[in-house]
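Chemist: need a 3D model of the following:
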Amino acid sequence: MIVPMARIATSLGVASVFAGGLLVGPTAPRAASGDKIGSAVSIINTVTVALADEKRGLTAGDNVRQDELVEVSPDSRGEFRLDDDTKLALGPGARLRLDKFVYDPDKKAGSIVVNLVKGTFRFMTGLAAKPTYVIRTPTAAITVRGTIFDAFILSDNSTWLLLHQGAIEVRGSRNVCRVLDRPGHLMRISSNGSVGVPVNWRRMPGRAIGIDAAFPFVASPPLIDPNPKLTRAAILDAANVRQRAPACRRIGPATPGTRRAAPPPPRPRQGLRRASVEREIEVIRIRPPRIVKRRPPPRRPQLPPRRTPGLSGLPIGISIGIGGFRGGGRGIGPRYPMRGGQTRFRR
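Modeler: Numbers count the residues shown, from 1 in each chain. Next up, the predicted model:
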């Protein structure tokens, strides 16, 4: 019977030393369950980690390992730094699982998955490429674009997200993906996985909890982010977003079957419209309509009235009767009968 080396190392009580010396190295960046992937930066009061049947308390400088479940007491806080310089801050009552850590420092590639189970968190991306990160909540999956954001998971598994820097793509369990890219604004994920549009704090739906309880790192910044980009006053005074959330650039594998949300309507003053960055950029120039002035048709010249030769300036009308010609004009002398029934005019 062949006994695995990892089991022998565990029985000897040197699993972490063996894993650190043999499994983690430049040629094998993938961390196995129980391997070191980071360390604790600051621990206030009681923070514990559990892996299988092993449970231990943490102090500043202790290692954290893959697949460990981190739990923070209701009156405690914990801050961590992973090996790719990802930074995590956990507030009172938070629970987080370090699900997967694969990182190649030479290529800045890998796969880093963190499960937020409950409570409040601050997440800051590290040196790995941005598509590497996936942050999971009970009803959604989040990918980042060089980002600092806070998350608050309520007791009904709904989630509030507060963006500080960069942008995040949120894919709910109802297969809709939206983008939060306005610092100081929030997005709500309901307990059934419906992803809302970005809003400011005053328009946050279901806001029965104060901002200090939901996001404690706003009023009291953690050591990993001592100079935050946004203050508490800036978040409270943020203007409301009056447009639809933009669509996601890409659809990750976290929730198969995800469809993109409808893109926002174009602005009326926008003269150029660019296509998505993933395909060739198409520029459409909008030209103003050409106004053609129509000229009225030329008027036909009016002809002068016809004049009778010999009677200058005297218009004449003549009618033909049965008995001959009968004068109808003006200025003619008296008539007298002629032979044959005709009438002769006297001049």
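Chemist: what about Lys100, how many residues nearby?
Modeler: By other Cβ atoms under 10 Å, the residues close to Lys100 number 18. C-betas here are computed from N, CA, C, even on glycine.
Chemist: pretty sure it contacts Ser111?
Modeler: Yes - look at Lys100 against Ser111 with Cβ atoms under 8 Å: they come within range, at 5.8 Å.
Chemist: next structured bit after the helix or strand bottoming out on mean pLDDT in the chain?
Modeler: The least trusted helix or strand in the chain, going by mean pLDDT, DSSP states H and E, turns out to be helix 15-18, with a mean of 34. Later in the chain than helix 15-18, the nearest helix or strand by DSSP states H and E is strand 36-44.
Chemist: what distance separates the start and the end of stretch 75-84?
Modeler: 29 Å (Cα to Cα, to the nearest Å).
Chemist: one more: stretch 82-95?
Modeler: 17 Å.
Chemist: low-confidence stretches in the stretch 201-347 of the chain?
Modeler: 243-245, 250-289, 292, 305-347 (pLDDT under 70).
Chemist: and if we set it to 50?
Modeler: 251-260, 270-284, 318-326, 328-329, 331 (pLDDT under 50).
Chemist: element containing Asp212, please.
Modeler: In the assignment (DSSP H and E), Asp212 maps to helix 211-214.
Chemist: may I see the buried residues of that helix?
Modeler: Buried residues in helix 211-214, defined by neighbour count with 16 or more other Cβ atoms under 10 Å: Ile211, Ala214.
Chemist: show me what it is packed against.
Modeler: helix 216-219, helix 232-236 (3 or more Cβ pairs under 8 Å, 6 or more residues apart in numbering; DSSP states H and E).
Chemist: for those, which one ends up most surrounded?
Modeler: helix 216-219 (a mean of 18; mean count of other Cβ atoms under 10 Å).
Chemist: please name every helix or strand in contact with it.
Modeler: Secondary-structure packing of helix 216-219 (3+ Cβ pairs under 8 Å, 6+ apart): strand 109-124, helix 211-214, helix 232-236.
Chemist: make CSV out of the ones you listed and add distance to Trp201.
Modeler: Listed next are the helices and strands packed on helix 216-219 as CSV, based on distance: least, Cβ to Cβ, whole Å:
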stretch, distance to Trp201
strand 109-124, 15
helix 211-214, 6
helix 232-236, 6
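Chemist: which one of those lies nearest to Arg65?
Modeler: Smallest distance to Arg65 across these (Cβ to Cβ): 13.6 Å, for strand 109-124.
Chemist: which ones are touching Gly126?
Modeler: By Cβ atoms under 8 Å, 6 or more residues apart in numbering, the residues touching Gly126 are Leu82, Asp84, Asp85, Thr86, Lys87.
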